[in-house]
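**Q** what shape does this take:
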Amino acid sequence: MIRSAMKPSIVKVNQRPQYAGLRWEKVIRSPESTNFWKFGVADLVFLEQVGEKKFVLDLGCGTGGSTLFLAGKGKSRLIVGVDLLRDMIKVAKKKAADASLDNKISFIVCDGRHLPLKTSLFDGLVSRGDAFCFLVPLKAAVQELKRIMKPGGVIVLEMDNRVDWKPGTIISTGFQKTNDGKIAYITTRFTKKRNCTSISYILDPNSRIAKNIAGDAEFQKKGFKPSKYPYQEVERETIDLRRAAPTHWPSSKELTRLIRKGGFTDVQLIGDGLLMKLFLDGNPKIVQALKRNPELFFEIEKTLVPYMNPAKAPTMILRASAARAA
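**A** Got it, this is the predicted structure:
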């Protein structure tokens with residue numbers, strides 16, 4: 001039982017990730033973020049697969065990274081970026097206008113499971129940054145993607161493989177800053193059915209733990225701090241609870257089966273992250289070389305993709321075509 005002056009309420013939150021808008025943009029532009037590296041490779045794969053397509057959807061577009069990349073490098077007449085977070089779309093629209101690409105890009109705030117778009121509209125679709133995993137139940141989401149795709153249209157989905165997560169365990173605990181500026185202790189579980197659920201314990205801003213975390217140099221720099229406090233202490237200083245919307249992280253076999261049953265053919269699954277592993281391992285010489293020339297890293301990583309085992313790779317990218325009528 002949580003022992004606080006005020007009994008916390010549990011609020012179901014339907015929007016994630018923890019970042020939004022300008023904060024997310026700052027994160028993905030930093031070479032210190034793993035997303036910076038894997039997104040750069042994903043964009044090259046997207047360009048290769050849908051760069052010639054005329055009408056493309058960027059599902060879970062965030063601040064428009066892939067949207068603008070494809071608009072600038074590809075041959076599309078129109079790219080539509082959709083995201084549930086209004087603050088993300090606000091930043092994406094400004095970036096498109098600043099790059100003089102808003103004449104061929106349209107951004108929409110909407111739920112990717114219920115797209116306000118016509119049937120058989122797109123001949124290309126991309127999605128990066130695990131956005132697909134938020135569209136639970138995934139079976140229904142795949143049907144919605146099939147609906148908006150032209151026969152023969154190509155979809156390319158990029159997501160973390162989560163090979164490092166053991167089903168049925170608590171995969172992480174620690175302190176993070178919420179979008180509204182509060183400090184939360186977050187515990188995340190990965191169920192045996194590969195569902196991910198997180199609960200945020202919002203701390204009293206005047207509590208001892210909250211003050212200590214707020215003044216911590218590591219927390220100020222990274223926005224995250226592993227917990228060193230006993231759970232009972234965190235519990236006593238909690239004033240609110242937030243339960244995040246669940247996500248589902250399919251295995252490589254499950255993802256392939258799901259897409260095929262959803263009406264897609266020519267399903268191909270590839271792996272990504274061979275050089276990324278070296279980067280994460282922290283070899284100083286490799287890290288500095290990558291930071292000096294990230295574009296070279298993206299190109300080399302992409303050439304290694306065919307040699308990766310997608311079932312064991314840190315990141316998997318699925319490519320499939322919408323089935324044609326018999």
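**Q** from now on I want contacts and neighbour counts done on CA atoms only, so please keep to that.
**A** Noted.
**Q** what is the neighbour count of the residue nearest to Ser227 when sequence neighbours are not counted?
**A** Distance criterion CA to CA, 6 or more residues apart in numbering; nearest residue to Ser227, sequence neighbours excluded, is Gly174 at 4.7 Å. Around Gly174 there are 16 other residues, counting by other CA atoms under 10 Å.
**Q** just Lys26 next, same as before
**A** Lys26: 12 neighbours (other CA under 10 Å).
**Q** surely it is within a strand?
**A** No: using DSSP: H, G, I helix; E, B strand; the rest coil, the secondary structure at Lys26 is helix, not a strand.
**Q** which residues in the protein form helices?
**A** Using DSSP state H, the helices found in the chain span residues 21-28, 34-50, 65-73, 86-98, 138-148, 208-214, 217-222, 231-236, 252-261, 274-281, 284-292, 294-304.
**Q** show me what the second one is packed up against.
**A** When you say that, I think you mean helix 34-50. Helix 34-50 sits against helix 21-28, helix 65-73, strand 122-127, strand 149-160, helix 274-281, helix 294-304, with contacts defined as 3 or more CA pairs under 8 Å, 6 or more residues apart in numbering; DSSP states H and E.
**Q** contacting residues around the closest residue to Ile170 other than its chain neighbours?
**A** Excluding its sequence neighbours, the residue lying closest to Ile170 (CA to CA, 6+ apart) is Arg189, at 4.3 Å. Residues near Arg189 by CA atoms under 8 Å, 6 or more residues apart in numbering: Gly168, Thr169, Ile170, Ile171, Ser172, Cys196, Thr197, Ser198.
**Q** could you measure from Arg189 over to Lys90?
**A** 32 Å (CA to CA, to the nearest Å).
**Q** next: Pro116.
**A** 19 Å.
**Q** higher neighbour count, the two?
**A** Using other CA under 10 Å, the more surrounded residue of Pro116 and Lys90 is Lys90, with 18 against 12.
**Q** quick one: the nearest residue to the more buried one once chain neighbours are set aside from Lys211, how far?
**A** Distance criterion CA to CA, 6+ apart; nearest residue to Lys90, sequence neighbours excluded, is Gly21 at 7.3 Å. Applying CA to CA, the value for Gly21 to Lys211 is 26 Å.
**Q** those two: who's more crowded?
**A** More crowded of Gly21 and Lys211, by other CA under 10 Å: Gly21, with 18 against 14.
**Q** is it true that that one touches Lys93?
**A** No: using CA atoms under 8 Å, Gly21 makes no contact with Lys93, being 11.0 Å away.
**Q** find the centremost residue of the chain, please.
**A** The chain has Gly129 as the residue nearest its centroid, 2.8 Å off, counting by CA atoms, centre = their mean.
**Q** now for Leu22: which residues touch it?
**A** By CA under 8 Å, 6+ apart, the residues touching Leu22 are Met88, Val91.
**Q** 7 Å - rerun?
**A** Contacts for Leu22 (CA atoms under 7 Å, 6 or more residues apart in numbering) come out as Val91.
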